Structures are given as C-alpha cells and as structure tokens.
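Q: I'd like to go over a predicted model; first the sequence, then the structure.
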Amino acid sequence: MCRRSGHSIVVLVVAFAGIMTLCGCSYDMSVQPSYRTLARSDFFSDERSARPLTIGTVATAKRDSGGGIPFPLTIELLQQGRERFDIFCSPCHGRLGNGEGMVVQRGFSRPPSFHLERLKSVPDSHYFEVITHGIGRMWPYGNRTSVSDRWAISGYIRVLQFSQAAPLSAVPPDELENLRKEQ
Amino acid sequence: MAQLFPRSFNNLSHASIYVALVLAAISIWLAVELAKSDYVTGVGTPLEQPVQFSHKHHVSDDGIDCRYCHSTVEKTDFAGIPSTETCMTCHSDLWQTSPILEPVRTSYQTNTSIQWQRVYRLPDFVFFNHSIHINKGIGCSTCHGRVDQMPLVYQFTALRMDWCLDCHRAPQTSIRPRSEIFNMEWTPGADQTRRGNELMRDYGIAPADRLTDCYTCHR
C-alpha cells in the first residue's frame, strides 16, 4: 500500500517536472502578436503594419510665414541647420553649397550653386518650399526633416552665402591672425 | 547455475551511474555553449537581402551620414529603415538602369515594400530605445561594429542580456562625447576612465543599480 502511493508520487513529480520543462520551450513571449515598427503584416493587403493617412486628411499647421524665417535667428538654430545641412544636403550640394558633393562626383546631375545671384535674392521661404516639395531632379526631403529643421537649414544656407563672399572686415580679429598664417 | 557476472561488476555498475551523471552535465554544458556560439546566433554572417546594399560603398566611399537613411535614430526607439523613396532620391538619377537596383525600381513603381531581413532583433519582451543611448554618448560602432566597412551588414554582437548588463554596470568604459557618436573610427583613448567619469556626470547618467533593475529592460 505504502509502496504504491510512493510510486504515484514519483510519477507525479516526474510528470510535473516534464511539463514545466516543456513550458520553458515556448517562445510565445519572444514573438508577441503586437506589431513592431515597420513589421510585416498578414492582415492588410499591402502587407504593411504602418498605415497611411486616411484619404481626405487635412493639414492644419499654419504654413505661411510671409517669406522670412519664423524663428529668432539664434546661434543654436544655425548650428542645428549646419548639422542637418551636412546630413541631407551636402551629399549633392557639397559642404560649401557650391554643388560639388560626393554623389554629384559619382554621376548625379549637378545642382546649381547657392552662390548664384538668383538664389541669393530669393526669399528664405523658397528654400523651405524646395526642401519640403523638391524641385526638378531633386526629391522632397520634407518627410525626414522637421519644420524647424527646414527653417534652420534655410538660415544656414544664408550663412554659407555670406561666408563665401564675406569681406575681410567681417572676420573676427583673433580669426584674422589664423587666416593670415594660412595664406 | 554459475553467476553470469563476476562480483567486480558491482563496482562497474556503480561507476557507470557517475559516468552517466558526468556525461549529462557535459552535454548540458555543451548545449549552453553551442547556443551562445556564433554558429547558432548568426554573429558575423550576413543575411540574404532582397538588394545587395553595401554600407561600405554608401558610408565610406560616398560619405553619406547614417541619419540620411536611419533618420529617426536620435529621436525615437526605432533607428528607422529607409523607404524606397529614400533610395530613389539618388537612384532616380544614378545607376538608374543597373539590374542590381531592379527590386528598388519595381518597389517604387508598384508601391510595394522592399522586405529587408532583420539583422538585429531583440525578443518582444525586451524594451530597447536608441535615442537614450545616442543622447547619452553611446555611439553606433560600440553596439554595431564598423558598419562603414561592411559590404553586407552582419551581427556584431548577439544582443545577449549579459552584454547589455556589462555596459549598464559600467557605462564609463564606452561613453564618448556626443560629437563622436557617428564617428565610426572612435575608440576609447588611454584616459577613457577619467573622461568617461566626467561625461557620466555631465550627462547625468543614472546609478548602476537603476540601470540594472529588471524593470529597465523588461516592462
């Protein structure tokens, strides 16, 4: 009698351990039914879990700035502009804005230099619009730059235009020394 | 009837129990080591991708910044995988008849996605965020290796929990100035301990017990 129940306890323990071990093999928690960003979907016919805007969506942000940059022109804004310009524009327009970027050297159509009279005389909002919507062979960059990034880039293009045609009197005295040494 | 086994066999049968135990232990150890090995985790082996996209060409040879394509890496958890349109900003006018880019053009014309295979993938029960690491001075190459020299991306680490924890216990060994985050050539200098501790203070990094709390990564 006593031996019998001893046996069944052993059987129970072994079975329990076995079931628990098998539970450990489950990968349910590793692949959960929620979507991760840009994951493939079997539900939507285009296989995308990232859904487009519904047809008829209306943009409500105010866009008309009257041509100028609607932010105070601070050094931080210009530094932000420089960073974003170097990321998104310099591959084609070059770090100086002269249209000599690396991708152009590999065969992309040459963009106009920012130092042309025509592009110096356009309002700041022209740059904003070109970045947002693209122009000719240049594709839009609005999907990867925020509104403030785009104004900051516009401001930085002005910096480039000024720097490429700056008079010697505009150079700070301590920098003047370095400039003389280089020449 | 004579006994089949001599008495000395008793010792042998005892010994065989221990041998079996040792064998079981060895095979468990082997299984664990094998699961950690590069062969199983896929570290160092590139995946088959729909387009033979080369980071070496685009980053090293053409000087394109990571953020041109992985544009959300500083602001969100997800680094971002470039859309077909992003490829087309250049390849509409460059290599535009090359057969190697046919899948990109087809994707653009038919409005279907290019299905890139994930190189790095954490299990869904782990919470990870790129932006906190980028903004607190951990550069891409610390976790992903020299991507700029990879013709095809491969896993640099297996993303095991002890790897995350090693750094969360002592981030000062790998932390760098924010200006060097995208510099693929950065390596810790001789004075990294001093610089690292300074940066830890400047960036206000949480103490190790906060960063190794289970809740940090499993929420």
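A: Right, received. Where do you want to start? Residues are numbered from 1 along each chain as shown, chains lettered A, B, ... in the order given.

Q: in chain A, which ranges drop under the pLDDT threshold?
A: Applying pLDDT under 70 to chain A picks out residues A:1-4, A:22-27, A:62-64, A:183.

Q: hmm, 80 instead?
A: Counting by pLDDT under 80, chain A has low-confidence residues at A:1-6, A:18-28, A:59-66, A:182-183.

Q: Closest to the mean position in chain A, which residue would that be?
A: Among the residues of chain A, residue A:144 comes closest to the average C-alpha position under CA atoms, centre = their mean, at 4.2 Å.

Q: Show me which residues of the strand or helix carrying residue A:129 are buried.
A: Using DSSP states H and E, residue A:129 sits in helix A:124-133. Residues of helix A:124-133 classed as buried by neighbour count (16 or more other CB atoms under 10 Å in any protein chain shown): A:124-125, A:127-132. In this view, the C-beta of every residue, glycine as well, is placed from N, C-alpha and C.

Q: Could you say whether the residue nearest to the centre of chain A sits in a helix, a strand or coil?
A: Here residue A:144 is recorded as coil under DSSP: H, G, I helix; E, B strand; the rest coil.

Q: Report the contact partners of it.
A: For residue A:144, the contact set (CB atoms under 8 Å, 6 or more residues apart in numbering or on different chains) comprises A:88, B:68, B:71, B:86.

Q: Please convert these to JSON lines, extending it with neighbour count, secondary structure and distance to residue B:80.
A: As requested, the contacts of residue A:144 are exported to JSON lines (neighbours: other CB atoms under 10 Å in any protein chain shown; DSSP: H, G, I helix; E, B strand; the rest coil; distance: CB to CB, whole Å):
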{"residue": "A:88", "neighbour count": "23", "secondary structure": "helix", "distance to residue B:80": "14"}
{"residue": "B:68", "neighbour count": "20", "secondary structure": "helix", "distance to residue B:80": "10"}
{"residue": "B:71", "neighbour count": "22", "secondary structure": "coil", "distance to residue B:80": "5"}
{"residue": "B:86", "neighbour count": "19", "secondary structure": "helix", "distance to residue B:80": "9"}
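
Q: Next, format those residues as TSV and append distance to residue B:56.
A: Converted to TSV, the contacts of residue A:144 look like this (distance: CB to CB, whole Å):
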residue	distance to residue B:56
A:88	21
B:68	16
B:71	20
B:86	18
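
Q: ok, so of the residues you listed, who is nearest residue B:32?
A: Nearest to residue B:32, judged by CB to CB, of these is residue B:71 at 39.7 Å.

Q: Using the three-state scheme, assign the residue nearest to residue A:111 when sequence neighbours are not counted.
A: Spatially, and ignoring its direct neighbours in sequence, residue A:111 is nearest to residue A:99 (4.8 Å; CB to CB, 6 or more residues apart in numbering or on different chains). Assigned with three-state DSSP, residue A:99 falls in the coil class.

Q: Residue 163: neighbouring residues, count only.
A: Using chain A here. Neighbourhood size, residue A:163 [other CB atoms under 10 Å in any protein chain shown]: 12.

Q: that's the wrong chain, I wanted chain B
A: Every residue meeting other CB under 10 Å relative to residue B:163 is counted, giving 12.

Q: can you tell me which residues contact it?
A: Contacts of residue B:163 (CB under 8 Å, 6+ apart): residue B:157.

Q: For chain B, which residues are neighbours of chain A?
A: Counting by CB under 8 Å from any CB of the partner chain, chain B comes close to chain A at B:62-65, B:67-68, B:71, B:77-78, B:81, B:83, B:85-86, B:88-90, B:92-95, B:111-113, B:115, B:123-125.

Q: From the chain's centroid, how far away is the host helix or strand of residue A:10?
A: Using DSSP H and E, residue A:10 maps to helix A:2-24. With CA atoms, centre = their mean, to the nearest Å as the basis, helix A:2-24 stands 58 Å off its chain's centre.

Q: Kindly report the same for stretch A:164-174.
A: Chain-centre distance of stretch A:164-174: 33 Å, with CA atoms, centre = their mean.

Q: In chain B, mark out all the helices, start to finish.
A: B:9-36, B:38-41, B:55, B:66-69, B:84-91, B:102-110, B:130-135, B:140-144, B:161-169, B:192-202, B:208-211, B:214-217 (DSSP state H).

Q: so who does residue B:73 touch?
A: Residues counted as contacts of residue B:73 (CB under 8 Å, 6+ apart) are B:66-67, B:79-80, B:130-131, B:134.

Q: How is chain B partitioned into domains?
A: Segmentation of chain B into domains, based on automatic domain parsing, reads B:9-41, B:55-81+B:116-217.

Q: among the ones you listed, which is the most enclosed?
A: Burial of those is given as mean neighbour count (mean count of other CB atoms under 10 Å in any protein chain shown); domain B:55-81+B:116-217 ranks first at a mean of 15.

Q: so how far is it from its chain's centroid?
A: 9 Å.

Q: rewinding a little: the domains of chain B: lowest mean pLDDT?
A: In terms of average pLDDT, domain B:9-41 trails the rest of the domains of chain B, at a mean of 90.

Q: Can you tell me which of the contacts of residue A:144 is closest to residue B:15?
A: Checking the contacts of residue A:144 against residue B:15 by CB to CB gives residue B:71 as the nearest, at 65.7 Å.

Q: quick one, phi/psi of the residue nearest to the closest one when sequence neighbours are not counted?
A: Distance criterion CB to CB, 6+ apart; nearest residue to residue B:71, sequence neighbours excluded, is residue A:144 at 4.4 Å. The phi and psi torsions at residue A:144 (degrees, to the nearest 10) take the values phi -120, psi 0.

Q: ok, which residues in chain A are in contact with chain B?
A: Contacts of chain A with chain B, taken as CB under 8 Å from any CB, map to A:29-32, A:34, A:36-38, A:40, A:46-48, A:86-88, A:91, A:102-103, A:106-109, A:137, A:139, A:141, A:143-144.
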